[in-house]
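Student: Give me the fold of what follows.
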Amino acid sequence: MTPEEEPVVEGAPEEEPRAASPLDEVMNQAERAYAAYMDAERQVAKAYHENELQVAKAYKRAESQANRAYEATVGQAARDRDEAFARAAQAREAAINLAEEAYKAACENASEAYEGAVADAGRAREENVERAWSVRDETIEQAWQIYSKIAR
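Tutor: Numbers count the residues shown, from 1 in each chain. The predicted model follows:
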């Protein structure tokens, strides 16, 4: 039985360690060094694992933040688009109203010009007819005067 396997009896006096040979002492140091190495390796593995978890959490936070920024940007772009559509619709409506008003004004002006031209043409016709009758009357009068002088 090795010293590690020997049962420990409580209350029994401990044996004094035997004098170890230099080889035993080197072996003990090697075992302690190996145990320390294995402990350090476990600690390094644990640190790598913790680092992986932290990196994963950081990635998830960055991904979540990027998604929130994307959604906010898309939402703002949609609101901007809707506002632009509303402004365009208002501008279109205003342009249609202005065009209709301009059309009505042009129609009224055309009607007024037509009525004025018809009235002017009617006055000119009446004046021309009056002048023509007047010239006719004068011509007939002159013709009668000439005929009267010849007939006497």
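Student: In three-state terms, label the residue nearest the centre of the chain for me.
Tutor: Note on the chain: the residue nearest the mean C-alpha position is Ala77, at 2.4 Å, using C-alpha atoms, centre = their mean. Secondary structure, DSSP: H, G, I helix; E, B strand; the rest coil: Ala77 is helix.
Student: One more: Val129?
Tutor: Quick answer, by three-state DSSP: Val129 is helix.
Student: how many neighbours does it have?
Tutor: 10 (other C-beta atoms under 10 Å). (C-beta placed from N, C-alpha, C; glycine too.)
Student: Okay, helices next: where are they in the protein?
Tutor: Assigned by DSSP state H, the chain shows helices spanning 22-151.
Student: mind showing which ranges of it have poor pLDDT?
Tutor: Scanning the chain with the threshold set as pLDDT under 70 gives 1-19, 152.
Student: rewinding a little: state the distance from the residue nearest to the centre of the chain to Ala106.
Tutor: Ala77 sits 42 Å away from Ala106 when distances are taken as C-beta to C-beta, to the nearest Å.
Student: Same check on Asp120?
Tutor: Distance from Asp120 to Ala106, by C-beta to C-beta: 21 Å.
Student: count of neighbours near Asn51?
Tutor: So Asn51, with other C-beta under 10 Å, has 10 neighbours.
Student: What's the separation between Ala121 and Val135?
Tutor: 20 Å.
Student: Please apply the same query to Tyr59.
Tutor: Applying C-beta to C-beta to Tyr59 and Val135 gives a distance of 109 Å.
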